[in-house]
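Q: sharing a model that was predicted from the sequence below.
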Amino acid sequence: MAEPGVETRTRSVVITARAAASFDPVGRSVATARAFVRDTLQGWGYSDIVDDAVVLTSELVTNAVVHAGTTADVLCLRTEDGVRVEVADRYPEREVPLQGTPQHFGSPDREGGRGLLLCAALASRWGVEYAPSTKQVWFQLDLPDRPVGIRSAGPVLPVELLPVADGRVRVAVVQIDRAGAIRAWNEDADELFGYDAEQVTGKQLTDFAAWPHTPGIATGIADALQLSRWEGSYGIRSSDGRVIAVYASHLRVRDVNGEPSTVCLLVRDAERAVIQSPQRTPTDTPGGGLTDSRAADPFEVFIGSPAPDDLDGLLQRTVERARDMLDADSAFLLLATDDETELEVRATTGLPSARQRFARVPVEAGTGRYGSARMPAVHEDLTAVPGAVPLLNGTGMRSVVTVPLKVEGRLTGSLGVAAEAAGRYSNEEALRLQFAADRIALAVESARLGELERLRRGSLSFLVEASDLLAGTLDRDQTLALMAQMTVPTLATWCAVYTIADQSSEPYLSYVLHEDEERIDGLKALLSKIAPPDPVPTPGARIWTAPSEAAHQSALRTSMRSLGLGSTPQLGSGIGTTLATAAAVGGETVVLPLVARNRVIGMLTLGKPTDDHFRQEILELAEDLSRRAALALDNARLYSERMAISQSLQRSLLPPELPHVPNVEVEVIYRAAGEGNEVGGDFYDLFPIRDGAYGFAIGDVCGTGPEAAAVTGLARHALRLLAREGFSGPAVLERLNAAILDEGARSRFLTLLYGELWPQEDGSSILKIVCAGHPLPLRLRQDGSVEAAAEPQPLLGVMEDLELYEQTVTLDPGDVLLCVTDGVTERREGTRMLGDDGLADVLATCTGLTAGAVAARILRAVERFAAEPASDDMAILAMRVPELHAQ
């Protein structure tokens, strides 16, 4: 018997588009697969289900490329009612369910098996299909219904009940082509927003629209332009930088050639009644009588049918109906936070824009019955009790009635209406409003929970991608940029990141970003003039008013100077920039601490434009992001410090410069492997011993890191000291061997080629060489022959009582002595290795070249031997005796 919710065979559907990609079994493929699915679905206009699809794809591809270790094939199929995504891997033997055996997907806390649990929770349909060589998991996500506008007519109303509008109503008509570019722009649009048609034609509407960027809960404007019909509110940035709230009605049309475009009608939000589609109300029955009101749904009677299918639409309809029901001048609806300590403004009508969305007020605003939002309250005259309703302070409203929204005894919100005249409301109006609130409370709470679930799904997808991006770099500057780019515009309009170098340092403004690039410089200048926020380690977001206050003061001073009222009157264009900056930071600003390893390493500052506030869910998401970002930033700091220490230590283990050796060309090339955060074990040295004699060495300590560095430092300095004390080459190495063994457990064995060089008057050079376990030095003669210049002897740091000997070699004019570490001879490409013979072949082609040219050719040959970067350090020491005619 099949598991509930699981389909064992696919349904016959009409496929309208498809996209496929394969991903290698490496960790980064998971992020690439998510991006592929997100881009595909957004390209199809399926933004409503993008977040769920990304989360499911992430889990299924992780199962394939990480847990199963195979290639993952992802196929996206667009159907008429949704999208189907198939993820196949090459490991069908894993968790094959047996017929008649119940399927157990495992615990949600277990790493494996979560993909099927998520499919069961999020997908409309899903299934698993097995083949001899593959296993395929697929899921189907259905599109939500998108009801279009309806046709209706309203009754004749008295003049005093008609909607209020300006004497000259302006309706902006904007036509958008299939690419989202503006093609038509009428005169009313010019008057409303301050742009003429030439300024905007050909530009994207998204360049001017201030769309609410809330992850997971709102349709994007690009998606709205693709729908057959759409209505709603958003903002348009005017030419002076202000955001004008508009109500829009979009209609998708096509011309005679079949080319689609979208016609947008825009009015000021306060005049939405001009173009807003009326809602259906109870009408006469076909028989001519009225429908029985007793059979009507009380919710539909108050809200109208059909009810809005989104929370914002439902709340806005509620306040409008409440205002009309009590003949009020304004109305407002607030939703309670999860802990029921605050109420968040979610919908208003008839109030200034400063009272708009997401402002917060306490549930318990004062003592007594009327000081709590948990009980109905009637205030006949607010001037007698200033501050009784904080939301209405400074609005001119005098009488107000508020009632709670409750579900199963729990406070979920508050609904209120207000009038400019005193004494308008009594307990009778409170009872009527409470009756309406009781009818809608359950529907509002259900819509709120649905929105919260969509937001959480979107937040999950957002945090998954953010974690991947932050984990993908250890560069501090790039981490700072990623932090800002992930928050703007998804979470905030602008962002600033402050960093703290150490406990005694002041916060430093490290990065600033605004969704409008033209505002970044002004914002950075403003923040540089004010004191940074205090580095408080307390988790959570806290309000910071300094930026908005400083911006308003600056704008006021600039305005006074431009009018000749200041101490230094002046006229200029700076006032526009100052006012635009003030508007950009005039809303709510919050600071989140960046805490890593129990230390505040910085602050993440998020801001909104004038009159805008953050919703609680966005602040919680920002707090979660700040924790991830803080750890990534601290990791980047630690990595940078470690790299700086390693590079400094590596430089200290190499000679600062090479001495000039008469009649001998010397060239050294050193290449450290890896990313520079580990100290290598290879080293070289060339130093004068006494007049006419020089010591040279090239060696390789086993391993890397501090232990290897200690032995390297010991070897290099001991060689110089012992050689200058007059010890021969074998004696120098024997004493060095004893010193290494004295290190005990910290010792490391060492391969070393050490020699002494004496330039001769006849142009030749005499070398005395000891090769202790190191790759043999090669001698290139003028005739092109290559031979080993020494014999192998035991390496150092392994045995006591070594008996070493030195060999004498004479370099004639034109001869070259090449010394390398094993990073050169052990260069590999698959099963091939360069080896001593390969190195000798390359050296044989270097006849007549200078020492520098020999070293460069050897390095080039090693690098070209394999495509992959070198995995071991390399040191190349070339010494050449020039020909007599070249001296």
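A: Perfect, I can see it now.
Q: what's downstream of the longest strand seen in the chain, the next helix or strand?
A: Longest strand in the chain, counting residues (DSSP state E): strand 243-254. Counting by DSSP states H and E, the element after strand 243-254 in chain order, helix or strand, is strand 260-268.
Q: buried residues of that following strand, list them for me.
A: Under the neighbour-count criterion of 16 or more other CB atoms under 10 Å, strand 260-268 has Ser261, Thr262, Cys264, Leu265, Leu266, Val267, Arg268 buried. Every C-beta, even on glycine, is put in place using the N, C-alpha and C of the backbone.
Q: run through the residues that contact the last one.
A: Pointing back at Arg268 there. Applying CB atoms under 8 Å, 6 or more residues apart in numbering, we find Arg268 in contact with Asp166, Arg170, Leu192, Ile244, Ala245, Val246, Tyr247.
Q: picking up where we left off before, the longest strand of the chain vs strand 260-268, what angle?
A: Going by axes from the mean of the first three to the mean of the last three CA atoms, to 10 degrees, strand 243-254 is angled at 150 degrees with respect to strand 260-268.
Q: can you report phi and psi for Ser414?
A: The phi/psi pair for Ser414 (degrees, to the nearest 10) reads phi -150, psi 140.
Q: just give me the neighbour total for it.
A: When neighbours are defined as other CB atoms under 10 Å, Ser414 has 25 of them.
Q: so it sits against Val345, correct?
A: No - using CB atoms under 8 Å as the test, Ser414 is too far from Val345 to be in contact (9.9 Å).
Q: report the set of residues contacting both of these two.
A: Common contacts of Ser414 and Val345, defined by CB under 8 Å, 6+ apart, comprise Leu333, Leu334.
Q: save the buried residues of strand 260-268 as TSV, and put in pLDDT and distance to Asp812 too.
A: As requested, the buried residues of strand 260-268 are exported to TSV (pLDDT from 0 to 100; distance: CB to CB, whole Å):
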residue	pLDDT	distance to Asp812
Ser261	90	86
Thr262	91	86
Cys264	92	88
Leu265	93	94
Leu266	92	91
Val267	91	96
Arg268	88	95
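Q: can you tell me which two in the residues you listed are farthest apart?
A: Largest separation among the buried residues of strand 260-268 by CB to CB: Ser261 and Arg268, giving 24.1 Å.
Q: disregarding residues adjacent in the polypeptide, which is nearest to Leu314?
A: Pro308 (4.6 Å; CB to CB, 6 or more residues apart in numbering).
Q: did I read that right, the one you found in a helix?
A: No - using DSSP: H, G, I helix; E, B strand; the rest coil, the assignment for Pro308 is coil, not a helix.
Q: how about Gly82, what does it touch?
A: Tyr46, Ile49, Ser124, Gln140, Leu141, Asp142, Leu143 are the contacts of Gly82 under CB under 8 Å, 6+ apart.
Q: ok, what's across the strand from it?
A: Asp142 (DSSP bridges).
Q: so what pLDDT did it get?
A: Gly82 is assigned a pLDDT of 86 by the prediction.
Q: with Val85 instead?
A: So, for Val85, pLDDT stands at 93.
Q: name the element it belongs to?
A: Counting by DSSP H and E, Val85 is part of strand 82-89.
Q: so how far is the next helix or strand after that strand off the chain centroid?
A: With elements assigned by DSSP H and E, the helix or strand that comes after strand 82-89 is helix 114-122. Computed by CA atoms, centre = their mean, to the nearest Å, the chain-centroid distance of helix 114-122 equals 25 Å.
Q: what's helix 114-122 packed up against?
A: helix 50-62, strand 125-130, strand 135-142 (3 or more CB pairs under 8 Å, 6 or more residues apart in numbering; DSSP states H and E).
Q: how far does the first one sit from the chain's center?
A: This points to helix 50-62. 17 Å.
Q: hey, C-alpha coordinates of that helix in CSV?
A: Once non-C-alpha atoms are left out, helix 50-62 reads as follows in CSV (Å, rounded to 0.1, in the frame of the first residue of the first chain):
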residue,chain,number,x,y,z
VAL,A,50,10.0,29.7,-6.2
ASP,A,51,10.9,29.5,-2.5
ASP,A,52,9.3,26.1,-1.9
ALA,A,53,10.9,24.8,-5.1
VAL,A,54,14.4,26.1,-4.1
VAL,A,55,14.2,24.5,-0.6
LEU,A,56,13.1,21.1,-2.0
THR,A,57,15.7,21.1,-4.8
SER,A,58,18.4,22.0,-2.3
GLU,A,59,17.6,19.0,-0.1
LEU,A,60,17.3,16.5,-3.0
VAL,A,61,20.4,17.7,-4.8
THR,A,62,22.3,17.5,-1.4
